[in-house]
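> predicted model and sequence below, questions to follow.
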Amino acid sequence: MVEIPIGSNRLPRGSRLGSRKTLIHFATGGLGHFLTRLGQSIDFSQDAGWDLGVVTEYHQPLGKLSFQEVFLSSPQIRRWSELEVNSRRFNIGTLKRDVEYRRGNGAIATIRDVVDHRVFPAQLPPKMVGHNLAFTTGDRELGLSKFRRNAGWLTAISSLSLVADFSGAVVERATRLQAPYIGVHFRNSDRLGDFDGTIQRLRQRIGETQINDVWWCTDDHSSIVAAVNAIPSARFYSSQTFARGNRMNLHNGLRGEDSINHLKNTFADLFTLCAADEYIPASRSGWNSLVPLMREAKDSSARFFGLTTP
């Protein structure tokens with residue numbers, strides 16, 4: 001359960017909701033997790049004709065930035081302050097989100113008001129907490145069919161693009177990439193990677209393709225040196241500067257400017273894997289599905305990274 005400290009202005013009593021229904025999406029998980037759940041909320045809102053607000057200011061993996069500080073989006077996705085959701089006196093600064101995942105059965109997701117001691121359902125399809133308001137984390141209600149994750153990801157990357165500060169990091173990375181190269185994703189923090197297995201697959205692909213340049217995209221800085229020592233004949237490139245630390249997801253282990261710089265690096269690494277001539281996925285990661293999808297959806301991916309005009 002994570003507190004959402006994004007302001008203390010309690011919304012005024014007595015103001016009335018607008019005529020349109022509004023869904024407020026609360027960010028959860030890492031980047032891939034966030035994008036697929038948000039894609040599901042976007043799909044619902046578009047199909048139902050609802051307004052959609054996205055709350056990210058409490059979310060460490062996105063640097064505790066507002067949604068609009070990271071992404072450009074359609075006018076349908078609006079700032080909390082622009083939404084007419086005031087009649088129930090909701091104070092976004094007193095809300096917490098709580099998600100319990102159960103393997104194979106979806107999630108139990110709630111939004112809690114810690115001042116007025118109210119608890120609201122936060123799954124899709126949404127349940128009203130006011131006349132025209134619902135909360136969600138983008139997770140499926142228990143007992144319903146699983147998400148089609150690729151559909152959620154495709155909706156998200158087709159609906160969003162990075163703001164200049166983050167797309168600039170991607171453009172800078174693109175200038176450093178020289179084809180051909182192999183892109184390796186090695187995740188080794190909260191989810192431990194299979195280093196020996198990854199090196200074995202890399203050796204095989206180098207032998208088959210004769211490509212000796214390798215971009216090693218990782219959340220474990222120590223793995224870079226280990227990879228260089230394992231295959232000294234290859235040329236390794238990496239931009240990870242942060243140590244893994246305590247087996248915590250690196251997104252959650254960083255604060256302030258470090259977290260924002262890491263987010264820039266994350267987008268640049270995602271682009272690097274998407275643009276690689278050969279791609280070796282991590283042992284366990286949601287990116288194992290996201291990266292192949294983005295490698296296929298080249299036009300949507302280019303817009304998402306801010307490389308073409310939305």
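All right, it came through fine.

> please count neighbours and contacts with C-alpha atoms only from this point.
OK.

> taking the centroid of this structure, which residue is nearest it?
Central residue of the chain (Cα atoms, centre = their mean): Leu31, 1.9 Å from the mean position.

> restrict the helix or strand hosting Phe120 to CA atoms and write it as PDB.
In this structure, Phe120 sits in strand 118-121 according to DSSP states H and E. These are the backbone C-alpha positions of strand 118-121, laid out as PDB (Å, rounded to 0.1, in the frame of the first residue of the first chain):
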ATOM      1  CA  ARG A 118     -13.500   4.900   2.800                       C
ATOM      2  CA  VAL A 119     -12.500   2.000   0.500                       C
ATOM      3  CA  PHE A 120     -13.300   2.000  -3.200                       C
ATOM      4  CA  PRO A 121     -12.900  -0.800  -5.800                       C
END
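
> in that strand, what counts as buried?
120-121 (16 or more other Cα atoms under 10 Å).

> state the next helix or strand along the chain beyond it.
strand 123-124.

> so how far is the strand holding Phe120 off the chain centroid?
25 Å (Cα atoms, centre = their mean, to the nearest Å).

> against Thr241, how distant is the residue nearest to the centre of the chain?
19 Å (Cα to Cα, to the nearest Å).

> again, but for Asp113
On the measure of Cα to Cα, Asp113 and Thr241 end up 38 Å apart.

> so between these two, which is more surrounded?
Asp113 (18 against 13; other Cα atoms under 10 Å).

> please name the nearest non-neighbouring residue to that one.
The shortest distance from Asp113 to any non-neighbouring residue, by Cα to Cα, 6 or more residues apart in numbering, is to Leu95 (4.6 Å).

> number of nearby residues for Arg187?
Quick note: Arg187 (other Cα under 10 Å) scores 24 neighbours.

> my guess is it meets Ser285, correct?
Yes. With contact defined as Cα atoms under 8 Å, Arg187 counts as touching Ser285 (7.3 Å).

> wait, is Leu307 part of a strand?
No. Counting by DSSP: H, G, I helix; E, B strand; the rest coil, Leu307 is not found in a strand; it is coil.

> which residue ranges form the strands in the stretch 1-150 of the chain?
With DSSP state E, counting those that start in this stretch, the ranges of strands along the stretch 1-150 of the chain come out as 2-3, 22-26, 51-55, 71-73, 77-78, 95-101, 107-113, 118-121, 123-124, 128-130, 133-136, 139-140.

> which elements pack onto the longest helix anywhere in the chain?
The longest helix of the chain (DSSP state H) is helix 256-275. Applying 3 or more Cα pairs under 8 Å, 6 or more residues apart in numbering; DSSP states H and E, one finds that helix 256-275 contacts helix 164-176, strand 182-186, strand 213-218, helix 250-253, helix 287-296.

> distance from the chain centre to it, please.
With Cα atoms, centre = their mean, you get 11 Å for helix 256-275.

> that older thread, now the strand holding Phe120: mean pLDDT?
The predicted model assigns strand 118-121 a mean pLDDT of 84.

> show me where pLDDT drops low in the stretch 101-250 of the chain?
For the stretch 101-250 of the chain, the stretches with pLDDT under 70 are 101-106, 142-150, 242-250.

> at 80 instead, please
The model of the stretch 101-250 of the chain has pLDDT under 80 over residues 101-107, 113-118, 130-131, 140-151, 189-192, 241-250.

> residues contacting the residue nearest to Ile260 when sequence neighbours are not counted?
Among residues not flanking Ile260 along the chain, Gly63 sits closest, at 5.0 Å (Cα to Cα, 6+ apart). By Cα atoms under 8 Å, 6 or more residues apart in numbering, the contact list for Gly63 reads 57, 255-257, 259-260, 263.

> just curious, which of these is nearest to Gln178?
Leu263 (22.8 Å; Cα to Cα).

> count the residues that sit near the closest one.
Neighbours of Leu263 using other Cα under 10 Å come to 21.

> cool, and Glu100?
Counted with other Cα under 10 Å, Glu100 comes out at 11.
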